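Novice: Task: produce atomic coordinates for the following.
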Amino acid sequence: MKKSKDWDDIEVNRRSDDKIYFESNLIQQISDGIDFLRDESKEVLKEIDLENKIDEMELEEFAEDTINQIDDIFDDISRFKSSIISSDDLPENVKRSYRETQSYLNRDADYVRRARRKLDKLQSDSMVDHYKTNVRVIELADKAIDVNSENFDAYYLKGQALANLEEYDGAIEEFINCLVIRDDVEVWLAIADTNRLNEEYNDAINVYDSILDKNDSCPQALIGKAYTYYDWQKFAKADEFFKQADSIEPLDDESKKMWDDCLAND
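Specialist: As a prediction, the model looks like this:
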């Protein structure tokens, strides 16, 4: 009869890092994000212990990166929750009560904050997925609007994300929703910019002119007109408005480069 083997003799092969791997990609992303924060915190503590060699700028950058990581983790958790529980499956009275609670807690402001942070990260980090980030901004804006249909910022951020995805008609519709709530020059500029990007040059010029009728020294509107005429390949007109804008405040590097190109093509 074969002798049974004692438990102490059984060898167990363990992963060297003891890391747990999940079947769900979403849960794995959340786990990896938590691991990142833990490892980064350890490194910071080590450096701080070495005669305080981290300067204020580095600490600020690390804090911002950490906040972004935490925000992404919570956003992944939120998406995971939404994938499990669909609001369409809930009775109408439950949904109404839920919205009222969310409104009382100002959750729409939280959705807006998260959406804005994602758009800011999109501009500062070239490694961020452009399509997925803008789609998520739209989802968060819609959540905010569902809680509070008068949330100006939610419509504005949604319009920006739609413009980034080249869904220009939808973007202008959201900007108009902003204007229903509050008249704002930034929204009019966004509408004009969106028309320009959609190659609706006459419409863009008309909106910029409506802004300049109220404030003839608005540099953003003058630069917008210059950009429109540049894209329209009307370089002499673009030069005219670059010159006007520059007389009010110095142009940024990109605008200067376009202006130089206008002069070369004039």
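Novice: alpha carbons only for contacts and neighbour counts from here, please
Specialist: Will do.
Novice: Which strand or helix spans the residue found closest to residue 134 once you drop the neighbours it is linked to in the chain?
Specialist: Leaving aside its chain neighbours, residue 134 sits nearest to residue 161 (5.0 Å; criterion: C-alpha to C-alpha, 6 or more residues apart in numbering). According to DSSP states H and E, residue 161 maps onto helix 152-164.
Novice: Give me the residues contacting the following helix or strand past that helix.
Specialist: Next along the chain after helix 152-164, taking DSSP H and E as the criterion, comes helix 168-181. Contacts to helix 168-181, defined as C-alpha atoms under 8 Å, 6 or more residues apart in numbering, come from residues 150, 152-153, 155-156, 158-163, 187-188, 190-191, 194-195, 198.
Novice: Where do the strands of the protein begin and end?
Specialist: Counting by DSSP state E, the chain forms no strands at all.
Novice: Show me the shaky parts of it.
Specialist: 1-106 (pLDDT under 70).
Novice: Could you pull out the helices in it for me?
Specialist: 25-49, 56-84, 92-104, 107-124, 130-147, 152-164, 168-181, 185-197, 201-214, 219-231, 235-248, 253-265 (DSSP state H).
Novice: So residue 134 is in contact with residue 165, correct?
Specialist: Yes: at 7.1 Å, residue 134 counts as touching residue 165 under the criterion of C-alpha atoms under 8 Å.
Novice: My understanding was that the residue nearest to residue 134 contacts residue 130; is that so?
Specialist: No: between residue 161 and residue 130 there is no contact under C-alpha under 8 Å: 9.8 Å.
Novice: Looking at those two, which is more packed in?
Specialist: residue 161 (26 against 16; other C-alpha atoms under 10 Å).
Novice: List the residues that contact that one.
Specialist: When contacts are counted by C-alpha under 8 Å, 6+ apart, residue 161 touches 119, 134, 135, 137, 138, 171.
Novice: Which of these sits closest to residue 232?
Specialist: Nearest to residue 232, judged by C-alpha to C-alpha, of the contacts of residue 161 is residue 171 at 21.5 Å.
Novice: count of neighbours near residue 126?
Specialist: Neighbours around residue 126, by other C-alpha under 10 Å: 9.
Novice: can I assume residue 107 is in contact with residue 146?
Specialist: No: using C-alpha under 8 Å, residue 107 is not in contact with residue 146; the gap is 10.3 Å.
Novice: So which residues make contact with stretch 136-155?
Specialist: If you take C-alpha under 8 Å, 6+ apart as the criterion, stretch 136-155 is touched by 99-100, 102-103, 107-109, 111-112, 114-116, 118-119, 157-158, 161-162, 174-175, 177-178, 181-182.
Novice: Of those, keep whichever come out buried.
Specialist: For the contacts of stretch 136-155, a burial check counting by 16 or more other C-alpha atoms under 10 Å picks out 99, 102-103, 107-109, 111-112, 114-116, 118-119, 157-158, 161-162, 174-175, 177-178.
Novice: re earlier: would you mind writing the CA trace of the helix holding residue 161 as PDB?
Specialist: Provided in PDB are the C-alpha atoms of helix 152-164 (Å, rounded to 0.1, in the frame of the first residue of the first chain):
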ATOM      1  CA  PHE A 152     -24.400  74.900 -17.200                       C
ATOM      2  CA  ASP A 153     -20.900  73.300 -16.900                       C
ATOM      3  CA  ALA A 154     -22.100  69.900 -17.700                       C
ATOM      4  CA  TYR A 155     -23.600  71.000 -21.100                       C
ATOM      5  CA  TYR A 156     -20.400  73.000 -21.800                       C
ATOM      6  CA  LEU A 157     -18.000  70.000 -21.100                       C
ATOM      7  CA  LYS A 158     -20.200  67.700 -23.100                       C
ATOM      8  CA  GLY A 159     -20.100  70.200 -26.000                       C
ATOM      9  CA  GLN A 160     -16.300  70.300 -25.800                       C
ATOM     10  CA  ALA A 161     -16.000  66.500 -25.800                       C
ATOM     11  CA  LEU A 162     -18.300  66.200 -28.800                       C
ATOM     12  CA  ALA A 163     -16.300  68.800 -30.700                       C
ATOM     13  CA  ASN A 164     -13.100  66.800 -29.900                       C
END
